[in-house]
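In: this one's structure only:
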């Protein structure tokens, strides 16, 4: 940390948030959230291995309001991270670096993640709810 | 060997200190493994979403166990759990490297992330195997 009073560059909060910046930090945030969701998957697997009572308890949590809110959030986080991850893979092979392209692919990721989340929950509701 | 660039009493540039020492030859390994696990997870995750929807549809405990007893389902689920926690550890490692600056806390959190990811992956795999070979 510099102790002298040199001029410093403006920090993040000065700038308008471009879409790619917002999606970049969302990619990290959803990644961290998904680790917690992954621990829930392990809990479900352990419950399935342990017995009917444990499995029923895990399902009851998933069907409760806090459980449903978490599952809904995680499902969107999953699809966002999945779609944006594919966007990153295209960048990794050198495709799509133009500013206009990055905006288009960013919007495509947002739309795709919302559509996929909607589809999954439509399936859940069509099958008679999450309980 | 002093850390390159730290000793400002001599006038050699940091570059001069490190040239000739050779590369560590592993600089891109983390990057590549993160991408390989990412590509694998695209396929693994799509199937897992479908499997979870089928579990919701199946409803009861016996039916759910029966679904996971299918060899393909068990193998795919084990692959998902292992690769997902591997990818998670690589990702969290970078987040900690970027944002945690107190050295002791950085090392402690890196260790904790590795242990939790490895432990949870093992627990998941053992649970799947228990269901698979269970009665």
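Out: Great, that's in hand. Everything numeric in this text was worked out from a predicted model, so none of it was measured.

In: mind showing which ranges of the chain have poor pLDDT?
Out: No chain specified, so I'll use chain A. A:1-4, A:12, A:129-131 (pLDDT under 70).

In: Please refer instead to chain B.
Out: In chain B, residues with pLDDT under 70: B:1-10, B:22-24, B:135.

In: Please report how far the residue positioned nearest the centre of it lies from residue B:41.
Out: Closest residue to the average C-alpha location of chain B: residue B:86 at 1.9 Å, with Cα atoms, centre = their mean. In this view, residue B:86 and residue B:41 are 9 Å apart by Cβ to Cβ, to the nearest Å. Glycine gets a C-beta too; all of them are placed from N, C-alpha and C.

In: buried residues in the helix or strand encompassing residue B:97?
Out: Residue B:97 belongs to helix B:71-99 when assigned by DSSP states H and E. The neighbour-count check on helix B:71-99 (16 or more other Cβ atoms under 10 Å in any protein chain shown) flags B:73-74, B:76-93, B:96 as buried.

In: Keep only those that also lie close to chain A.
Out: B:77, B:81, B:84-85, B:88, B:91-92 (Cβ under 8 Å from any Cβ of the partner chain).

In: Is residue B:76 in contact with residue B:46, as I believe?
Out: No: using Cβ atoms under 8 Å, residue B:76 is not in contact with residue B:46, being 10.7 Å away.

In: What segments of the chain are strands?
Out: Let's take chain A. For chain A, strands defined by DSSP state E do not occur.

In: For the residue nearest the centre of chain A, give me its contacts.
Out: Chain A has residue A:77 as the residue nearest its centroid, 1.8 Å off, counting by Cα atoms, centre = their mean. With contact set as Cβ atoms under 8 Å, 6 or more residues apart in numbering or on different chains, residue A:77 has these partners: A:30, A:33-34, A:37.

In: count of residues packed around residue 11?
Out: Reading this off chain A. 7 (other Cβ atoms under 10 Å in any protein chain shown).

In: actually chain B
Out: 6.

In: That one: which element?
Out: Using DSSP H and E, no helix or strand contains residue B:11.

In: quick one: it from chain A, how far?
Out: From residue B:11 across to chain A, the span is 21 Å (Cβ to the nearest Cβ, to the nearest Å).

In: need the residues of chain A near chain B, please.
Out: Counting by Cβ under 8 Å from any Cβ, chain A sits next to chain B at A:28, A:31-32, A:34-35, A:38-39, A:41-42, A:45-46, A:48-49, A:52, A:55-56, A:78, A:82, A:85-86, A:88-89, A:92, A:120, A:123-124, A:127, A:130.
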